[in-house]
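K.L.:
here's a sequence, model it:
(one chain, ligands or ions: 1)
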Amino acid sequence: MIIQLCGLSGAGKTTLALAVKALAEKKSLRVDVIDGDQYRKTLCKDLGFSREDRTENLKRLTKVAFELAQKGRIAIISAIHPYRDVRMDLKQKYPDQIKTVFVDCPLESLIERDTKGLYKRALLPDNDPDKLRNLTGMGDSFEQPLRPDLHLRTDIHTVEQSAEMLFNYILDQTILNGK
Ligand code: ADP
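P.N.:
Numbers count the residues shown, from 1 in each chain. Next up, the predicted model:
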């Protein structure tokens, strides 16, 4: 199974993916976290943040996830995954493999949270050399999924509650699909 997380920077994708991995280990379920930020330093280091490059980035991450899923592992892709058509195309390319989980947190809460300082940089005046222009949700678009398989609200629920919801969803799917 492949879990295709999507959500703005700081929404909690990596935090939840790692928390679920820890919960899964207690049940001897094998979960791999494919962290977009990490892969941008290796397999995807030639890619930038244009629509085309973001799309290619997600194709590569999904290929890695698919190879792991083929070995019976649960692969969680932690990346912003901003485009609806890309999420849909990848779901069609790997039928019955991918579930979309929307890690949702309103922009106002993210600006307050700003754990990586990215929103502060995006809000700088245009002439500031430190200004970040292509942050998803600010300069770049994020297309919310219309019918995600699971919708998590990390501004309402704690890390523990959100992780449990995601973990229970994965467990249910694993039981349903016999994988
Ligand atoms: P992303 O991978 O989406 O960019 P991170 O997981 O790196 O986000 O950071 C999310 C931040 O938000 C962490 O500091 C985390 O502790 C915090 N946070 C607060 N509430 C939640 C929640 N319910 N779920 C996940 N993260 C949360």
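K.L.:
quick check: residues of the protein near the ligand?
P.N.:
7, 9-16, 78, 113, 115, 154, 157-159, 162 (Cβ under 6 Å from any ligand atom). (C-beta placed from N, C-alpha, C; glycine too.)
K.L.:
in helices, which of these fall?
P.N.:
Counted as lying in helices by DSSP state H, out of the residues of the chain next to the ligand, are 13-16, 113, 159, 162.
K.L.:
JSON lines for the residues you listed, including pLDDT?
P.N.:
Output for these, formatted as JSON lines (pLDDT from 0 to 100):
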{"residue": "Lys13", "pLDDT": "98"}
{"residue": "Thr14", "pLDDT": "98"}
{"residue": "Thr15", "pLDDT": "98"}
{"residue": "Leu16", "pLDDT": "98"}
{"residue": "Arg113", "pLDDT": "97"}
{"residue": "Val159", "pLDDT": "98"}
{"residue": "Ser162", "pLDDT": "98"}
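K.L.:
next, format those as TSV and append neighbour count and distance to Val103.
P.N.:
Shown next, in TSV, are these (neighbours: other Cβ atoms under 10 Å; distance: Cβ to Cβ, whole Å):
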residue	neighbour count	distance to Val103
Lys13	27	5
Thr14	19	10
Thr15	17	9
Leu16	27	6
Arg113	15	13
Val159	13	11
Ser162	22	8
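K.L.:
any idea of the pLDDT on the residue in the chain positioned nearest to the ligand?
P.N.:
The chain approaches the ligand most closely through Gly12 (2.4 Å), counting by Cβ to the nearest ligand atom. For Gly12, the model assigns a pLDDT of 98.
K.L.:
touching, Leu135 and Leu118? I think so.
P.N.:
Yes. Counting by Cβ atoms under 8 Å, Leu135 does reach Leu118; the two are 5.6 Å apart.
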